[in-house]
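**Q** here's my sequence, what's the structure:
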Amino acid sequence: PARVRVVLATVGTRGDVQPMLALAQALGRRGHEAIVACPERFGEWVRTHGIEHAVLGEDMQALIAQKSDRLEQSLAGMTRYFTEQMSLQAPRLLELATGADAIVATGMAWMAPSVAEKLGIPAVVLLPSTAAVPSRLHPPPLMPWFGLGSWVNGMLWWASDLAQNRLMGKALGPARASLGLPPITAFSQHLFVDTPCVIAADEALLPPDPAWQGRYPYVGFLFLDDPALLDPALDAWLGEGKPPV
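**A** Numbering: from 1, shown residues only. The predicted model follows:
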């Protein structure tokens, strides 16, 4: 098979980066070329696994730890923040993906489908769980109120979609315009319907919603082959008695 170059783009915490690093390992074993584009704080970790790294996005872990006032507690303030971030993400991803054969995105790499559209290459959204996929079986991540029933979940998703369109959907407009692309109609539609998605989880643990009608294929959990030793205390705990799981 032909050798392909894939940009694995993610903006977020380690939970967003590690599946992409595992995917980069798998692509490398199959003779393909992968680059992990993520915040700088993960660069050394990515490179120690022999994977190419490129800086993309803000350090979200530091932002969360600092409880920064930059994310103002208002729709207007958050919209400004996301608009700024996506306006920076668009040209950076365009630079990284020029000459690539595909883009795989997760976390807050929301400009990846637009950049792929601009370049005429495939884009795939990787979902490490089913939480972000609209479904009446569970509430949306922005409103994690469980056990309220399917019709309430449906209302929560409707409200969540309104909020996401106001925050992220509106911010996508100027960034897409900078690429010469038309505006999107709805944020969730853009990410979870118009863009192909795969779920990197076990179907037995996170079963699909029948209403999805097979739209989202499952590929199983992505396990990172990491030779680093565990913390001695954790290793000792795992070795005591019966396995914890």
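
**Q** not counting sequence-adjacent ones, nearest residue to residue 134?
**A** Excluding its sequence neighbours, the residue lying closest to residue 134 (CB to CB, 6 or more residues apart in numbering) is residue 157, at 5.1 Å. Where you see a C-beta, it was placed from the backbone N, CA and C, and this is true even at glycine.

**Q** would you say that neighbour is within a helix?
**A** Yes - judged by DSSP: H, G, I helix; E, B strand; the rest coil, residue 157 forms part of a helix.

**Q** help me confirm that it comes into contact with residue 140.
**A** Yes - at 5.3 Å, residue 157 counts as touching residue 140 under the criterion of CB atoms under 8 Å.

**Q** identify the contacts common to these two.
**A** Common neighbours of residue 157 and residue 140, using CB atoms under 8 Å, 6 or more residues apart in numbering, are residue 134.

**Q** give me every residue that touches residue 114.
**A** Taking CB under 8 Å, 6+ apart, we find residue 114 in contact with 90, 172, 175, 176, 179, 181.

**Q** which of those residues fall within helices?
**A** Secondary structure defined by DSSP state H assigns 90, 172, 175, 176 of the contacts of residue 114 to helices.

**Q** quick one: contacts for the second one?
**A** Taking CB under 8 Å, 6+ apart as the contact definition, residue 172 lies against 86, 110, 111, 114, 183, 184, 187, 190.

**Q** ok, back up a step: which pair in the contacts of residue 114 spans the largest distance?
**A** Largest separation among these by CB to CB: 172 and 179, giving 10.5 Å.

**Q** circling back to that earlier point, dump the ones in helices among the contacts of residue 114 to JSON lines, plus pLDDT and distance to residue 224.
**A** Shown next, in JSON lines, are the ones in helices among the contacts of residue 114 (pLDDT from 0 to 100; distance: CB to CB, whole Å):
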{"residue": "90", "pLDDT": "91", "distance to residue 224": "29"}
{"residue": "172", "pLDDT": "88", "distance to residue 224": "31"}
{"residue": "175", "pLDDT": "90", "distance to residue 224": "31"}
{"residue": "176", "pLDDT": "91", "distance to residue 224": "33"}
